[in-house]
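[1] Could you work out the structure for the sequence below:
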Amino acid sequence: MDFIVDECTGAAVAEHLRSAGHDVVVVPESMSQADDQTILDGAFDEKRILITNDKDFGELVFRQGFSHYGVLLLRLQDDSSANRVRVVEAVLGQYGDLLKMNFLVATETGVRIRRKAADPYDIGHPV
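    This next block holds a predicted model:
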């Protein structure tokens, strides 16, 4: 899969994804000091799933109607690098086929999936 990892999500997640064979762009490396809208637009244009800890992307997608190719928003109590990597790995393992074109919110205990097209309901899933 192709990903773009937001600056706040960290290098450990990007390195983990790369070591698993994914194509990963990291915001500080490729879009230094870009605002959230530019990041979201770039991810959409390049058909990359955005991984972020920044709730502002939900605002852009749901309140302002910006397009996305897929977003994984991490809402973690333990924001350590190791926990971020663990949760991303769990989400990919269990819900990887749902990342494309959907908005997922992951916590340590579950995943909410907001489907982009037909299903307007949130679906809660354990991690």
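[2] use CA for all of it now, contacts and neighbours both
    Noted.
[3] Disregarding flanking residues, what is the spatial nearest neighbour of residue 75?
    residue 107 (5.2 Å; C-alpha to C-alpha, 6 or more residues apart in numbering).
[4] Can you mark which positions in stretch 14-31 are buried?
    Going by neighbour count (16 or more other C-alpha atoms under 10 Å), the buried part of stretch 14-31 is 14, 16-17, 24-27.
[5] Compile the residues you listed into JSON lines and extend it with columns for secondary structure.
    Below are the buried residues of stretch 14-31 laid out as JSON lines (DSSP: H, G, I helix; E, B strand; the rest coil):
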{"residue": "14", "secondary structure": "helix"}
{"residue": "16", "secondary structure": "helix"}
{"residue": "17", "secondary structure": "helix"}
{"residue": "24", "secondary structure": "strand"}
{"residue": "25", "secondary structure": "strand"}
{"residue": "26", "secondary structure": "strand"}
{"residue": "27", "secondary structure": "helix"}
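[6] so where do the helices sit in this protein?
    11-19, 27-30, 36-45, 56-58, 81-95 (DSSP state H).
[7] Quickly, which of these bottoms out on average pLDDT?
    In terms of average pLDDT, helix 27-30 trails the rest of the helices of the chain, at a mean of 85.
[8] residues making contact with it?
    Outside helix 27-30, the residues that touch it by C-alpha atoms under 8 Å, 6 or more residues apart in numbering are 4-7, 34, 39.
[9] now with 10 Å?
    Here helix 27-30 makes contact (C-alpha atoms under 10 Å, 6 or more residues apart in numbering) with 4-11, 33-34, 39, 50.
[10] most surrounded residue in these?
    Most neighbours among these, by other C-alpha atoms under 10 Å: residue 50, with 29 neighbours.
[11] neighbours around residue 60, how many?
    Look at residue 60: counted by other C-alpha under 10 Å, it has 16 neighbours.
[12] That one against residue 37, yeah?
    Yes - using C-alpha atoms under 10 Å, residue 60 is in contact with residue 37, at 7.2 Å.
[13] For those two, list the residues in contact with both.
    66-67.
[14] and the gap between residue 22 and residue 72?
    The spacing between residue 22 and residue 72, counted by C-alpha to C-alpha, to the nearest Å, is 15 Å.
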